[in-house]
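J.: Just to be clear, the model below is a prediction. Sequence and coordinates:
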Amino acid sequence: MTDLYQSQRAMRAMRRAAMQRGVIAILDVGTSKIACLVLRFDGPDAFRPSEGVGPMAGQSAFRVIGAATTRSRGVRFGEVSAMQETERAIRTVVQAAQKAAQLRVDHVIACVAGGDPRSYGLAGQVELEQDHVSEQDVARVLAACDMPPIGEGREVLHAQPVNFALDHRSGLNDPRGQAGQMLACDMHLLTVDGTTLANLIHCVKRCDLELAGLASSAYVSGISSLVEDEQELGAACIDIGGGATGVSIFMKKHMIYADSVRLGGDHVTSDISKGLQVPLARAEWLKTRHGGVVATGMDDREMIELGGESGDWERDRRSASRAELIGIMRPRVEEILEEVRARLDAAGFDALRSQQIVLTGGTSQIPGLDGLAPRILGQQVRIGRPLRVSGLPEKATGAAFASAVGLCLFAANPQDEWWDFEIPMDRYPARSLRRAVKWFKDNW
Amino acid sequence: MRSLTAPRRDPAPSRLSYRLQRLALTPMVRVAVRRGLPLLALLLVLAVLLGDADRRAVLTDRIADLRMQIQQRDEFMVHEIRIDGASDLVAAEIGRALALDLPVSSFDLDLEALYDGVARLDAVSRTDLRVRPGGVLEVRVVQRVPAAIWRGPTGLHLLDADGARVALLPRRADRPELPLLAGEGAERAVPEALRILDAARPIAGRIRGLTRMGERRWDVVLDNGQRILLPRADPVPALERVVALDAARDLLDRDVAAVDMRNPARPTLRLGAATALRLRNIKLTELGVD
């Protein structure tokens, strides 16, 4: 616990150092592609509004100066499965991004898509020492949250205080300085599998990069795809990726729940590959070129050359109707959406006032999904694209880059997490040297 | 059957090339390669070339030769000295002071030193040297104008209105129109002497000269040995009083040896010895003393 706390603090310090230097890279290790964006932080003064990019939501603080994507290797369900392969893929993409930026990057912020994230709601309460809330009181109330049994080998990825309550007043964002007697807080804790995290960290370290932050992919997709109102009023972001589908629920600009379904576009591709007896690459091409989820009469007549280079002429000249392709894809997409629905129900999403659902991620681009999704998820469904950020190349603005863009925003202004607050005084060991050092830091 | 085409090359960079590229993108390394290496190579080449003493000597010789060639071009040569505003005597003196053997390159002329040499001459009040296009060294001179003759310990000298020495004068008769000054320290009070002489214009015909007494005041010496002793402060009004007295009563035509104006409140006359004796006898007769 303390270990993770220290390492998260170290990562925050690293991030601050990178911001000082002005250059940071973000790395989205996904199942189907790995994206790397190099950000330069010039401060908001250097911001020049361009088409579709306004000075809002903090994206004006930085500019993307290098972007690269590569096909992912050695990643399954958003988790590293073949470390050497993943390392090579990361090297490829980082080198390409560095070349585009003409700049060496040392600090990288990464996101984790898999690792079976689990959400916990924590609550803590303390009596104030003085008549108003001080930094120390905030630290104490965060420390007063009782730790749930998160299980063996799991690590805390996010621990965000989402709500503070002072006496009978709830919904405070920042209680510091306010008068009261009893301070309570709600904290959202997100844990992932420790080995998944360790593997990813190891891969990044092997590429001579320093990790300056870690985030959940579902969380950062939500940041980039949900508009401000949706984040405020309550909405769910479904990031349907290649190997995993992230679910995150936002309310009052805080993530209150995150989960992931180990299903994604790759499963659709493998279904096509199995169903039509074509190679995976060909199946991927068929899915993106001709895929869909709603069949019409026209689709029965539209014949698709399956192609292939097997050398068997008869085999390579086969064709299938688009309706057949849709018939293969639709059950799998339905399965993904139903799984997501189950997760949302388990999280109590139907109790929220706003039932807005935003679909994003590469697989959300299947034609007809906007017709299919409302039948399973409810009426308020839209297909979302990530926020425009300045300097991002056109090909990286699609829904598939939701988590990459979200990581940029996360890097620019991260949510305050538990480890960003002060350490409660009584937790200092031996209250001697460290305390003296802290006194110097505070007063110097 | 296995694919007949060779498997596609792994697009991933090797660890080595990845690290090398990162090194190449490091700002310090970039600067070192783009600026430092060429500079180093240049320095190395120069060091190797100039390491040989003979080659260095040849190089310096050629540079000196080239320099000489350019300096000796006709466009830079001074062929003539033109002296404006000086009499022939002074011009000859300036020519001697310049001491140039023409033609000379204008790069070799030390105008400052030449200027000092000309300006140091007594007869020159102000001077102005410049090299004109066409190879002419132009010396403009303003000569000092003699205003008085000073009889000093080394002979007669001409002085200008500021008391600066102009030239030596062989004989007093050469410049009869100039007043004569004498006495110790007279050359340092020339302006005052000239003011006094200006005031003494009505009796100018009788003035032999001015004598500085005790380095502090002037005596006007008249032709028949008469003296007018002027005070140290405000000598001009005192002299004007004497001149006025002379105009009214012919003071100076009488047998007066000296008019002492040193105390302005009490002007005193010193009579000639014979006159004084006669006046004394008259007084004694009037008083009835035998």
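T.: Thanks, I have it.
J.: per-residue confidence at residue 63?
T.: Here I'm looking at chain A. pLDDT for residue A:63: 86.
J.: I was thinking of chain B, sorry if that wasn't clear
T.: 95.
J.: in the stretch 1-150 of chain A, which spans are helices?
T.: Ranges of helices in the stretch 1-150 of chain A, per DSSP state H, counting those that start in this stretch, are A:2-21, A:83-101, A:135-144.
J.: residues of the stretch of helix or strand residue B:116 belongs to that come out buried?
T.: Element membership for residue B:116 (DSSP states H and E) is helix B:111-119. Neighbour counts over helix B:111-119 (16 or more other CB atoms under 10 Å in any protein chain shown) mark B:114, B:117, B:118 as buried. Using the backbone N, CA and C atoms, a C-beta is placed for each residue, glycine as well.
J.: Reformat these as CSV; add pLDDT.
T.: Formatted as CSV, the buried residues of helix B:111-119 follow (pLDDT from 0 to 100):
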residue, pLDDT
B:114, 81
B:117, 81
B:118, 80
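J.: Closest to chain A out of those residues?
T.: For the buried residues of helix B:111-119, the residue nearest chain A by CB to the nearest CB is residue B:114; the value is 62.2 Å.
J.: of all the helices of the stretch 1-150 of chain A, which lies closest to residue A:375?
T.: helix A:83-101 (36.9 Å; CB to CB).
J.: Poorly predicted segments of the stretch 301-444 of chain A, please.
T.: A:424-432 (pLDDT under 70).
J.: Please report how far whatever residue of it ends up closest to chain B lies from residue A:344.
T.: The stretch 301-444 of chain A approaches chain B most closely through residue A:311 (6.6 Å), counting by CB to the nearest CB. Note on residue A:311: its distance to residue A:344, by CB to CB, to the nearest Å, is 48 Å.
J.: the more surrounded of the two?
T.: residue A:344 (22 against 10; other CB atoms under 10 Å in any protein chain shown).
J.: Single out the most deeply packed of the helices of the stretch 1-150 of chain A.
T.: Most buried of those by mean neighbour count (mean count of other CB atoms under 10 Å in any protein chain shown) is helix A:83-101; its value is a mean of 22.
J.: That one close to chain B?
T.: Yes: in terms of CB under 8 Å from any CB of the partner chain, part of helix A:83-101 sits within range of chain B, namely A:88, A:89, A:91, A:92, A:94, A:95, A:98, A:99.
J.: and which of those is nearest residue A:280?
T.: Nearest to residue A:280 among the residues of helix A:83-101 next to chain B: residue A:89, at 17.0 Å, using CB to CB.
J.: While we're on the closest one, how confident is the model there?
T.: 92.
J.: what's the nearest residue to it if we skip its chain neighbours?
T.: Distances taken as CB to CB, 6 or more residues apart in numbering or on different chains put residue A:73 closest to residue A:89, at 4.5 Å, once the chain neighbours are dropped.
J.: give me every residue that touches the residue lying closest to residue B:26 once chain neighbours are set aside.
T.: Counting by CB to CB, 6+ apart, the nearest residue to residue B:26 once its immediate chain neighbours are dropped is residue A:104, at 5.3 Å. Shown in contact with residue A:104 (CB atoms under 8 Å, 6 or more residues apart in numbering or on different chains): A:98, B:22, B:25, B:26, B:27.
J.: Emit the ChimeraX select command for whichever of these are buried.
T.: Per 16+ other CB under 10 Å, the buried members of the contacts of residue A:104 correspond to this ChimeraX selection:
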select /A:98 /B:22,25
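J.: how about the residues of the stretch 201-350 of chain A near chain B?
T.: A:207, A:208, A:311.
J.: chain center to the helix holding residue B:116: distance?
T.: 10 Å (CA atoms, centre = their mean, to the nearest Å).
J.: go on, stretch A:266-280?
T.: For stretch A:266-280, the distance to the chain centre is 27 Å (CA atoms, centre = their mean).
J.: do stretch A:274-284 as well
T.: 29 Å.
J.: end to end, how far does it reach?
T.: 12 Å (CA to CA, to the nearest Å).
J.: Pull out the buried residues from it.
T.: A:275, A:276, A:278, A:282, A:283, A:284.
J.: So which of those sit within helices?
T.: A:275, A:276, A:282, A:283, A:284 (DSSP state H).
J.: ok, the residue lying closest to residue B:120 once chain neighbours are set aside - contacts?
T.: When the adjacent residues along the chain are set aside, residue B:120 lies closest to residue B:97, with 7.5 Å between them (CB to CB, 6+ apart). By CB under 8 Å, 6+ apart, the contact list for residue B:97 reads B:117, B:118, B:120, B:121.
J.: Can you add distance to residue A:110 and give those back as JSON lines?
T.: Shown next, in JSON lines, are the contacts of residue B:97 (distance: CB to CB, whole Å):
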{"residue": "B:117", "distance to residue A:110": "85"}
{"residue": "B:118", "distance to residue A:110": "86"}
{"residue": "B:120", "distance to residue A:110": "87"}
{"residue": "B:121", "distance to residue A:110": "91"}
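J.: Tell me which residues touch the most centrally placed residue in chain A, please.
T.: Compute the mean C-alpha point of chain A, and by CA atoms, centre = their mean the closest residue is residue A:217, 1.9 Å away. Taking CB under 8 Å, 6+ apart as the criterion, residue A:217 is in contact with A:28, A:30, A:78, A:111, A:112, A:113, A:239, A:241, A:244, A:246, A:260, A:403.
J.: Find the nearest non-adjacent residue to it, please.
T.: Nearest to residue A:217 is residue A:113, by CB to CB, 6+ apart, at 3.9 Å.
J.: So the one you found sits against residue A:243, correct?
T.: Yes: between residue A:113 and residue A:243 a contact is recorded at 7.4 Å, counting by CB atoms under 8 Å.
J.: Between the two, which has more neighbouring residues?
T.: residue A:113 (32 against 23).
J.: what are the phi and psi angles of the more buried one?
T.: phi -90, psi -40 (degrees, to the nearest 10).
J.: quick one: low-confidence ranges for the stretch 51-200 of chain B?
T.: Using pLDDT under 70, the stretch 51-200 of chain B has no residue that qualifies.
J.: of all of it, which residue lies closest to chain A?
T.: Residue nearest to chain A within the stretch 51-200 of chain B: residue B:51 (38.8 Å; CB to the nearest CB).
J.: How about residue B:156: which residues does it bridge to?
T.: Beta-bridge partners recorded for residue B:156 (DSSP bridges): residue B:151, residue B:169.
J.: wait, what's in contact with it?
T.: B:149, B:150, B:168, B:169, B:170, B:171, B:172.
J.: Columns neighbour count on top of those, output as a markdown table?
T.: Output for the contacts of residue B:156, formatted as a markdown table (neighbours: other CB atoms under 10 Å in any protein chain shown):
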| residue | neighbour count |
| --- | --- |
| B:149 | 22 |
| B:150 | 24 |
| B:168 | 11 |
| B:169 | 19 |
| B:170 | 9 |
| B:171 | 8 |
| B:172 | 13 |
